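[1] Structure for this input, please:
(chains A and B)
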Amino acid sequence: MNSNRKINIVLAGQGNAGKSALFNFLTGLHQHIGNWAGKTIEKREGTLFYNGYTIDVLDLPGIYSLTTYSVEEVISREYIIHHQPDCVVNIVDSTNLERNLIFTLQLLELECPVVVALNMMDLSKKKGITIDIEKLQKILNIPVIPTIASRGTGLTDVMDEVIELRGKEIHHKPLKYGKEIESSVRQLSELLHDTDLPYPVRWIAIKLLEKDKDTTRLVQERDPSIVEKAMLLCRKLEDIHGHDSGIVIADERSHLASWIIREIVEISPHRKISLNEKLDAITTHKFTGYLVMILIVGGMFLTVFSFGNWLSEWFDSVFRNWSAWWDQNLGTGFVPALGWAATESVLALIQIAFPYILPFYIILYILEDWGYIARISFLMDKFMHRLGIHGKACISFIIGLGCNVPGCLSCRIMESKRERFITAVLVTLVPCSAVSVIVFGLVGKYVGLLWALGLYVFAMIIILIVGRITSKLMVGEPVELIMPMPDYKTPQIKTILVQTWDALKEFIYIAAPIVIVTGVLIHAIDLAGWMPAISSALNPVTVYWLGLPAVTGILLIFGILRKELILVMLASYLGTTNFGDALTSQQMITLAVVSMFYVPCVATISVLWKEYGWKKAMAVCIIEILFAIALAGIVKRILDFVF
Amino acid sequence: MNDNNSNVVLTGMKDGQAGIIVSVTGGHHATKRLADLGLSPGTRIRLMRKALFSGPVQVDVNGSRLVLGWGLASKIIVRPE
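    Okay, the predicted model is just below:
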């Protein structure tokens, strides 16, 4: 391949600016697009063939700033500095120009070639914002192209600029800060000229004044006297401005952005209160906001469960005879039986994925693309703070009610490792659709609906308590909620389908291997005839402590695969689905409580493993087993007084 | 209600009230994060609404909307207009 015709570019921009939409349009690769700021953590790459050029595109995580706060920001900064891409395409949200420009200014400090894609031009026009693009180009001294990434408008122009820019000598004409800062930068730059650091000198000088830890360490290794000088200059700046020099510079950048806005932006003053604002007011209102939330979330679950139950039953009727067919044609020996165990695991996965997870994701992504999910975070932030985390975690909880697997995966939206882990642990305690099957199929049907609903309230209280305890145990300060509130917009069908497909694929990839392996393993133990021994070994717990029939030991082991198997297998063991004949009300409630908390199902364990390492995953499992057993035993003893 | 120069914390403003940020008293980390989002002294900010029971606040800064946790919002000092 002719290397002259190969270009590599990176996409950088703040969350919600439309970066993922642009990436999808350029490369045709499917990727997650969302309304949660800073959601993409994984590195996504793709290739575009355009005008005889091969353009490699890398999608950097959505970030607020190039100062190192979070993993994403470190990844992005290091990549741009070390890999020196041919061009950085900076996607800028034209409806939130000021905030986005602060990031652009930071990019320019890295002295890499930048093309700005001024995105969402349709929305800013609707908001009555007029932007003088010519003037913006002149001020920033880089190409600025208006785009509407969701429709692909303007993207070829962006690529033309990228090609145009290639190989051109770029003259960086940095935008100037205030006098005192510029003088400090100059003094440091002179000292830094002789160091062999691979970064632009001006950038290092600014970072030193911002007291950026990584940069300071690097310079310290080369020449400690420069760091000393920098500290001196920092103190001088702090004396003048009265606060931390890092903040002085951030403020300067913010003022620079405001100045640019004043130069180039005009907002037509007399516009009607838009539908968006009315909707925003209703959905975040102290009273109607919560009402709408209950209606939307409730409606979502009602839809998912009624559709899910219908489709699940349909699948049941289809798969019903497969087991008998298998036994007849392949025999009932050890190997065919294990083959059936594997097949059954796959069928079980299908029966969760399509009836429940698929519709759940579709509705969730409609709400997300519309912009509603951020409103839930706003409304629920206070409650989440009681758990030691903030409002965004609520999204993971809602997803967890459908299925814990995507619930745990969605914890990636939390900013710090601490927050991510606490949220994931709490999500494993959220009763998923499989647990709901047990709660309603057993307690709801035979003891009473109020008791079933009471169990949900009970679960909420437990989550509250566990949340408080874990957030006390985990070191680190809780992170405050800082979240851009997106405008409502018409959901794009294509976006929703791509997201749903990606999420479903991820669920299957992560869950399938471990579900199949564990399924085969448990059936092998069963076939080997060890189950009765295991079950009687569990007797002290199941029979004496929990007061349940001895068979529950086996049920709970199979329940690790899929929690609703507890109910399914109980039915096949009893030879009837009339559980009222075999279990007392008290036993049903106790069994439901154990099922709710005793261990995340294997698919969820595999996510915990993948995201937090096997040690933490195992610790969570063991603690939750002990916790659930202790709790259910206490519940049983309390119920002794009731029934 | 307030004489011209009395500053208040952001969370002490009424829904819909606007003002100029005077200072941000929070920790280094949060202050810097806010500055990177454009919330620095001298910036005009409008409190759109507060959530129930000292929940988060929704603000408008030059046409872009942000949600800030109560703890953070109570560290932003504003001079109401």
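[2] Just the strands from chain B, written as ranges.
    Here chain B has its strands, by DSSP state E, at B:8-9, B:18-24, B:44-50, B:57-61, B:64-68, B:76-80.
[3] near chain A, anything from the last one?
    Read that as strand B:76-80. No: Strand B:76-80 does not reach chain A (C-beta under 8 Å from any C-beta of the partner chain); its nearest approach is 11.5 Å. C-beta: built from backbone N, CA, C; applies to glycine.
[4] between that strand and strand B:57-61, how big is the angle?
    Relative orientation of strand B:76-80 and strand B:57-61, computed by axes from the mean of the first three to the mean of the last three C-alpha atoms, to 10 degrees: 60 degrees.
[5] now swap in the fifth one and tell me
    Between strand B:64-68 and strand B:57-61, the angle formed by their directions is 150 degrees, by the same axes, to 10 degrees.
[6] Reformat the strands of chain B into JSON lines and put mean neighbour count and mean pLDDT next to each item.
    Formatted as JSON lines, the entries for the strands of chain B read as follows, by neighbours: other C-beta atoms under 10 Å in any protein chain shown; pLDDT from 0 to 100:
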{"stretch": "strand B:8-9", "mean neighbour count": "15", "mean pLDDT": "86"}
{"stretch": "strand B:18-24", "mean neighbour count": "18", "mean pLDDT": "86"}
{"stretch": "strand B:44-50", "mean neighbour count": "20", "mean pLDDT": "87"}
{"stretch": "strand B:57-61", "mean neighbour count": "22", "mean pLDDT": "88"}
{"stretch": "strand B:64-68", "mean neighbour count": "23", "mean pLDDT": "84"}
{"stretch": "strand B:76-80", "mean neighbour count": "21", "mean pLDDT": "87"}
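[7] closest to A:Gly13 out of the ones you listed?
    In this view, the strands of chain B are compared for proximity to A:Gly13 by C-beta to C-beta, and strand B:64-68 is the closest at 14.3 Å.
[8] May I see the buried residues of stretch A:452-469?
    The neighbour-count check on stretch A:452-469 (16 or more other C-beta atoms under 10 Å in any protein chain shown) flags A:452, A:455-456, A:458-459, A:462-463, A:466-467 as buried.
[9] Kindly export it (C-alpha atoms) in PDB.
    Backbone C-alpha positions of stretch A:452-469 (Å, rounded to 0.1, in the frame of the first residue of the first chain) are rendered in PDB as follows:
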ATOM      1  CA  ALA A 452     -44.800  -9.900  46.800                       C
ATOM      2  CA  LEU A 453     -44.700  -6.100  46.500                       C
ATOM      3  CA  GLY A 454     -43.500  -6.000  50.100                       C
ATOM      4  CA  LEU A 455     -40.500  -8.100  49.100                       C
ATOM      5  CA  TYR A 456     -39.600  -5.400  46.600                       C
ATOM      6  CA  VAL A 457     -39.700  -2.700  49.300                       C
ATOM      7  CA  PHE A 458     -37.700  -5.100  51.400                       C
ATOM      8  CA  ALA A 459     -35.100  -5.400  48.600                       C
ATOM      9  CA  MET A 460     -34.900  -1.600  48.400                       C
ATOM     10  CA  ILE A 461     -34.300  -1.300  52.100                       C
ATOM     11  CA  ILE A 462     -31.500  -3.900  51.800                       C
ATOM     12  CA  ILE A 463     -29.900  -2.100  48.900                       C
ATOM     13  CA  LEU A 464     -30.000   1.100  50.900                       C
ATOM     14  CA  ILE A 465     -28.300  -0.600  53.900                       C
ATOM     15  CA  VAL A 466     -25.700  -2.400  51.800                       C
ATOM     16  CA  GLY A 467     -25.100   0.800  49.800                       C
ATOM     17  CA  ARG A 468     -24.400   2.700  53.000                       C
ATOM     18  CA  ILE A 469     -22.100   0.000  54.300                       C
END
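[10] Which residues does that stretch contact?
    A:386-389, A:422, A:425-426, A:429-431, A:439-440, A:443-444, A:589, A:592-593, A:596-597, A:631 (C-beta atoms under 8 Å, 6 or more residues apart in numbering or on different chains).
[11] So stretch A:259-266, near chain B or not?
    Yes: using C-beta under 8 Å from any C-beta, stretch A:259-266 reaches chain B at A:Ile261.
[12] if we look at that stretch, which residues are touching it?
    With C-beta under 8 Å, 6+ apart as the criterion, stretch A:259-266 contacts A:97-98, A:101, A:129-133, A:135-136, A:139-140, B:62.
[13] Could you pull up the mean pLDDT of that stretch?
    In this model, stretch A:259-266 has an average pLDDT of 88.
[14] Please apply the same query to stretch A:120-138.
    In this model, stretch A:120-138 carries a mean pLDDT of 88.
[15] How about that stretch and chain B, any contact?
    Yes: Stretch A:120-138 comes into contact with chain B (C-beta under 8 Å from any C-beta), by way of A:127, A:129.
[16] What lies in contact with that stretch?
    Residues beyond stretch A:120-138 that count as contacts (C-beta under 8 Å, 6+ apart) turn out to be A:17-18, A:93-95, A:97, A:116, A:118, A:143-144, A:146-149, A:151, A:153-154, A:260, A:263-268, A:271, A:274, A:487, A:489, B:63.
[17] And for stretch A:397-410?
    For stretch A:397-410, the surrounding residues in contact (C-beta under 8 Å, 6+ apart) are A:297, A:301, A:304, A:352, A:356-357, A:360-361, A:364, A:376, A:395-396, A:424, A:426-428, A:430-434, A:503, A:506-507, A:510-511, A:600-601, A:603-604, A:607-608, A:611.
[18] one more time with 7 Å, if that's ok
    For stretch A:397-410, the surrounding residues in contact (C-beta atoms under 7 Å, 6 or more residues apart in numbering or on different chains) are A:297, A:301, A:304, A:352, A:356-357, A:360, A:364, A:395-396, A:424, A:427-428, A:430-433, A:503, A:506-507, A:510-511, A:600, A:603-604, A:607-608, A:611.
[19] Inside helices: which ones of these?
    A:297, A:301, A:304, A:352, A:360, A:364, A:395-396, A:424, A:427-428, A:433, A:503, A:506-507, A:510-511, A:603-604, A:607-608, A:611 (DSSP state H).
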